[in-house]
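Engineer: Build me a model:
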Amino acid sequence: MTSDARSAAGDSAQLPSFYSPRTAAVDAPQSRDGQPIDPLSLSSRADSPRTQPPPPSLLSPAFTPPATPGNQTPTTAGLRGIPVDSSIASGGCGSKKPRLLETLPEVQCVVRARIPTVNGTEMFLHLYTNNVDNKEHLAIVFGNHIRSESLDAPREGETELDRMIRGAYTGRLYPGRTTSGMGGPSSEAESQEEKNPNQDIPLVRIHSECYTGETAWSARCDCGEQLDEAARLMALPGNKAGGIIIYLRQEGRGIGLGEKLKAYNLQDLGSDTVEANLLLRHPADARSYGLATAMLMDLGQKDVRLLTNNPDKIRAIEGPNREIVVKERVAMVPLSWKGKGGFRSQEVEGYLKTKIEKMGHMLEMGGLS
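Structural biologist: A predicted model of the protein is given here:
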């Protein structure tokens with residue numbers, strides 16, 4: 001095995017187990033002996049049409065500033081955040097003033113279940129209903145101490161088995177268990193066990209559904225990789241504060257999967273992601289975050305650390321009366337942005353370029369300026 005092959009194998013072995021194994025690109029150039037050739041080295045050949053090296057990739061460490069929070073993969077939960085304050089104009093929360101609902105939606109968590117994950121950690125999947133749409137939105141919760149008020153509330157006529165089946169229990173379920181532990185003799189000890197002793201602020205990610213990026217292996221966006229990275233950060237050893245991924249069913253920035261696929265065709269015809277939405281007579285971003293605010297409130301969260309590159313999302317998450325307060329913004333920096341795996345494609349680089357240039361997303365770390 002050559003040193004390059006050993007290095008590639010080593011990089012693959014070092015990927016967190018949350019990430020699916022990455023395969024080599026099928027169209028990667030190869031030498032006569034079958035070994036892959038670095039595409040950047042082609043530009044230095046005499047017979048190459050390029051005379052200048054290509055600009056730094058949006059996915060490369062050359063683009064990601066060294067001071068970006070999360071640029072160095074932490075071994076503990078000590079992610080660095082940028083303090084923000086939406087109550088002042090210079091609070092680092094973006095320039096936009098999103099239209100907020102005057103009244104937050106009503107949400108109810110109808111079921112919760114423990115999910116053992118492929119990397120050995122556990123999380124609790126919460127399914128929510130609401131009074132504004134017919135979709136089932138989700139909260140992926142890391143940490144036993146984060147609980148849903150609407151789920152834990154007693155319901156008329158239900159038995160202890162009913163409570164356990166819908167996930168309103170303390171501790172762990174096991175064969176033969178007969179009580180939920182909610183209000184019973186064992187509830188006090190188990191509730192103490194599930195409390196957050198340090199009262200640290202949890203890490204929160206607001207993630208919008210992306211079927212193409214999460215399920216259909218699309219290289220047009222980095223949504224699937226961002227979801228993986230958020231889960232990895234929340235499952236880090238030593239993360240006592242826990243974490244919450246609010247998974248909203250608003251595909252295609254709110255325009256739906258069918259319209260999103262039309263937008264893909266417009267992109268192949270030369271439009272960027274924003275232009276494609278506008279040509280289809282949709283807003284550049286039609287998403288709403290009132291449901292996320294209401295779900296975080298139901299999960300007992302007042303102060304959060306928001307994992308996002310979009311400072312304008314902070315005010316949208318906080319709600320009309322700052323029902324939720326974002327204390328810090330933590331940058332989302334997936335592996336490919338660090339040059340440590342992930343994937344590359346012409347489409348995703350154009351997608352990221354548009355988000356930064358036209359939608360105000362940022363990576364650099366800064367104060368409240």
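
Engineer: Can you list the low-confidence ranges for the stretch 1-150 of the chain?
Structural biologist: 1-78, 94-99 (pLDDT under 70).

Engineer: then stretch 226-239 to CSV, C-alphas only?
Structural biologist: Provided in CSV are the C-alpha atoms of stretch 226-239 (Å, rounded to 0.1, in the frame of the first residue of the first chain):
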residue,chain,number,x,y,z
GLN,A,226,-24.8,19.4,9.1
LEU,A,227,-27.4,17.1,10.7
ASP,A,228,-24.7,14.5,11.4
GLU,A,229,-22.3,17.1,12.8
ALA,A,230,-25.0,18.6,15.1
ALA,A,231,-25.7,15.1,16.5
ARG,A,232,-22.0,14.4,16.9
LEU,A,233,-21.4,17.6,18.9
MET,A,234,-24.3,17.0,21.2
ALA,A,235,-23.1,13.5,21.9
LEU,A,236,-19.6,14.5,22.8
PRO,A,237,-18.2,13.0,26.1
GLY,A,238,-18.6,15.4,28.9
ASN,A,239,-21.6,17.3,27.5
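
Engineer: quick one: buried residues of it?
Structural biologist: 226, 227, 228, 229, 230, 231, 232, 233, 234, 235, 236, 239 (16 or more other CB atoms under 10 Å). (Glycine included, C-beta is placed from N, CA and C.)

Engineer: Let's verify residue 295: helix, strand, or coil?
Structural biologist: helix (DSSP: H, G, I helix; E, B strand; the rest coil).

Engineer: Need the buried residues of stretch 226-239 in a markdown table (columns: distance to residue 250 and secondary structure).
Structural biologist: Formatted as a markdown table, those follow (distance: CB to CB, whole Å; DSSP: H, G, I helix; E, B strand; the rest coil):
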| residue | distance to residue 250 | secondary structure |
| --- | --- | --- |
| 226 | 15 | helix |
| 227 | 14 | helix |
| 228 | 20 | helix |
| 229 | 20 | helix |
| 230 | 17 | helix |
| 231 | 19 | helix |
| 232 | 23 | helix |
| 233 | 23 | helix |
| 234 | 21 | helix |
| 235 | 25 | coil |
| 236 | 28 | coil |
| 239 | 27 | coil |
